[in-house]
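Engineer: Got a sequence here, can you build the structure:
(one chain, ligands or ions: 2)
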Amino acid sequence: MIEVVALSKNRGGKRVLEDLSLSLAEGGVTAVVGPSGGGKSTLLRCLNGLEPFDAGGILIAGHQLTPGGHPHALLERIRRDVGMVFQQFNLFPQMTALENVMLAPRVVSRLSAAEARSRAVGLLERVGLDGFAQARPATLSGGQQQRVAIARALAMQPRVILFDEPTSALDPAMSSEVLEVILDLARGGQTMVVVTHDHALAQRAATHVVELVAGRIQRQGSPAEVLIPAVGSG
Ligand SMILES: Nc1ncnc2c1ncn2[C@@H]1O[C@H](COP(=O)(O)OP(=O)(O)O)[C@@H](O)[C@H]1O
Ligand SMILES: [Mg+2]
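Structural biologist: Ligands and ions are numbered 1, 2, ... in the order given. A predicted model of the protein is given here:
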């Protein structure tokens, strides 16, 4: 589902990604870990075409990305197949939870209002938010907002979902609500890439872990190979 070959990217004369290669099969979950500034967010933005790169290649959900700028039509196609969930949720504040989840299927996939609504209702239920359809983001907790954001990403029925530190803005109780949703998706075979500082999340959700340090892959392998077991994690 994802194949990255010898990806390199410079920014302002500085190399931010250096000769990265990784692959992810359909239904797999890759966790990307490593210190801040290591290039994790940059990698995700290269994967969904939001940032150009200088060398190497990316194949994601059947779309081929090459160095330099990407044609608008290609980015549109990637947007349908690759969902994105951010640390700060990025919900539309003036819309209800339901409207947030309905929007992309209506606008991008031109689903009828009835179809988009029924899909959105089902997804809010799936993330444990039935009863919150009419709530606006500001009235929800961080964990609830992030679950709406996940439902919104799922609404496009993406082949891959990219998460950029989905639990970093959340306290432990809210993080675990979001972790449960991510684990449920993993069990359902959703292909995902999850950037996270949370080794418990990586340990439990990932099939593959990539450690990115200063733009280079330091290590990659199974969670057991790459992650140092947390003390007392039993
Ligand atoms: N918009 C930007 N402009 C200039 N430099 C940036 C920008 N975003 C990130 N960087 C730099 O690129 C490198 C990688 O950053 P980033 O991908 O955000 O790392 P991470 O997500 O692992 O914290 C860092 O050196 C960071 O300072
Ligand atoms: Mg980042």
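Engineer: Give me the neighbour count for Phe132.
Structural biologist: The number of residues packed near Phe132 is 18, by other CB atoms under 10 Å. Quick note: C-beta positions are derived from backbone N, CA and C, even for glycine.
Engineer: So which residues of the chain form helices?
Structural biologist: Using DSSP state H, the helices assigned to the chain run over residues 40-47, 72-81, 97-107, 113-126, 142-154, 172-187, 199-205, 223-226.
Engineer: TSV for those, including mean pLDDT, mean neighbour count and distance to ligand 1?
Structural biologist: Shown next, in TSV, are those (pLDDT from 0 to 100; neighbours: other CB atoms under 10 Å; distance: least, CB to the nearest ligand atom, whole Å):
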stretch	mean pLDDT	mean neighbour count	distance to ligand 1
helix 40-47	97	22	3
helix 72-81	94	14	18
helix 97-107	96	21	25
helix 113-126	97	17	28
helix 142-154	97	25	18
helix 172-187	94	17	18
helix 199-205	92	20	14
helix 223-226	92	14	16
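Engineer: Serialize those helices to JSON lines and add fields for distance to Arg136.
Structural biologist: Below are the helices of the chain laid out as JSON lines (distance: least, CB to CB, whole Å):
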{"stretch": "helix 40-47", "distance to Arg136": "27"}
{"stretch": "helix 72-81", "distance to Arg136": "25"}
{"stretch": "helix 97-107", "distance to Arg136": "8"}
{"stretch": "helix 113-126", "distance to Arg136": "14"}
{"stretch": "helix 142-154", "distance to Arg136": "10"}
{"stretch": "helix 172-187", "distance to Arg136": "18"}
{"stretch": "helix 199-205", "distance to Arg136": "28"}
{"stretch": "helix 223-226", "distance to Arg136": "37"}
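Engineer: Please read off the pLDDT at Val108 from the model.
Structural biologist: On pLDDT, Val108 comes in at 88.
Engineer: Enumerate every residue touching it.
Structural biologist: For Val108, the contact set (CB atoms under 8 Å, 6 or more residues apart in numbering) comprises Arg79, Arg80, Met156.
Engineer: Pick the one among those closest to Arg216.
Structural biologist: Arg79 (28.8 Å; CB to CB).
Engineer: Would you check how far apart that closest one and ligand 2 are?
Structural biologist: Using CB to the ion, to the nearest Å, one obtains 20 Å as the distance from Arg79 to ligand 2.
Engineer: Alright, I will stop here.
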